[in-house]
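Participant: I'll drop the sequence and a predicted model, then ask my questions.
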Amino acid sequence: MPGVATDRVHHYRRLVFNVVKNTLEQAYPITFDVLGKELWEDTIKRFFTEHDPQSPQVWKLPLEFYEWAVENDLSNYLSFTFLSDLMLFEWLEIEVYTMPDKDIPIVRTEGDLLTDLIVINPEYSIIELVYPVHKAAVKELEKRKGQYFVLAFREQESKRVEFIDLSIFYVFILERIVNQESTLADVLVEAVTVFNLEAEKEINNRVITFFEQLHSQGFVLGFRK
C-alpha cells in the first residue's frame, strides 16, 4: 500500500488490535470479567483474525463481535452457556443509548391509565433471554434457565439507559398498546382471555400499579392529547 512503511506494518497491526480490544472491553465489561484476561484476549485474537469488519464506525464493532460469537457458537465452545445472553444484554445498552432520536409526541400529564390512550417512550427495545443475566449472579445462571424479558429505554432528560424486568404477560400488554393503539382496559380484557387468568379485578390492580411505576420511571410519558 502506498505510503505505508513495510518495516512498521507490525506496529500498525498492534495499534489496530489494541483499538479493537479496548473498544470491546468497554462494551462488554461483564463478559470480560467472566472470561478472565487470558481467555478474553484469546477470543479477541480469534475474532480479529477470522472476522472482516463491515462497519466503518468503531462503536458498531461490538455488535459485529456479538453476531460473530453467536454464529460461531462461542457459548458452547467456551463452556459458558449463558454467554450469548450476557453479550446481548450488554450490547442492548449501547444499542438503546446510540439509537437515533425519535419524535416525542406532546402528551397530557394527567389522565386515566385504564381508559385513556397511553403514550410510551419510543426510544426503547425489548429482548428475550434464556438466562437472567440482568438480575442474577453468574454462578446462579446455569440453574435458572427459563424465559426472561428485559425492557431498556433511554430516559428523556438524563439520556441514561434504564432497564426493567418484564414477564411475557407485560410484553404482550405493551405490544398491544403500541401496535394496536388500544387502551389498557381493552388490552386487559384480551390478556385475561389469552393467558387464561382468573381474579380479573386483582390482576387489573396489579397492572395499574405496574404502569404507575412505568410512569414514574419515565417509560410511560403521559396520555394522548
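Facilitator: That came through fine.
Participant: what secondary structure does residue 93 sit in?
Facilitator: For residue 93, the assignment made with DSSP: H, G, I helix; E, B strand; the rest coil gives helix.
Participant: Show me the beta-bridge partners of the residue lying closest to it once chain neighbours are set aside.
Facilitator: Of all residues not flanking residue 93 in the chain, residue 161 sits nearest, at 4.9 Å (CB to CB, 6 or more residues apart in numbering). In this view, the C-beta of every residue, glycine as well, is placed from N, C-alpha and C. Beta bridges link residue 161 to residue 154, judged by DSSP bridges.
Participant: Nearest residue to the middle of the chain?
Facilitator: The structure's the chain has its C-alpha centroid closest to residue 92; by CA atoms, centre = their mean the separation is 3.0 Å.
Participant: Skipping adjacent residues, who's closest to that one in space?
Facilitator: In this structure, residue 92 finds its nearest non-sequential neighbour in residue 152, 5.0 Å apart by CB to CB, 6+ apart.
Participant: who touches that neighbour in this structure?
Facilitator: Going by CB atoms under 8 Å, 6 or more residues apart in numbering, residue 152 touches 92, 93, 95, 96, 124, 125, 126, 127, 161, 162, 163, 164.
Participant: out of those, which are buried?
Facilitator: With neighbours counted using 16 or more other CB atoms under 10 Å, the contacts of residue 152 contain these buried positions: 92, 93, 95, 96, 124, 126, 127, 161, 162, 164.
Participant: Doesn't the last one belong to a strand?
Facilitator: Yes. Counting by three-state DSSP, one finds residue 164 located in a strand.
Participant: Check the residue nearest to it when sequence neighbours are not counted and give its pLDDT.
Facilitator: Leaving aside its sequence neighbours, residue 164 sits nearest to residue 151 (CB to CB, 6+ apart; 4.4 Å). We note a pLDDT of 98 for residue 151 in this prediction.
Participant: domains of this structure?
Facilitator: Domains of the chain are assigned by automatic domain parsing as 6-80, 107-224.
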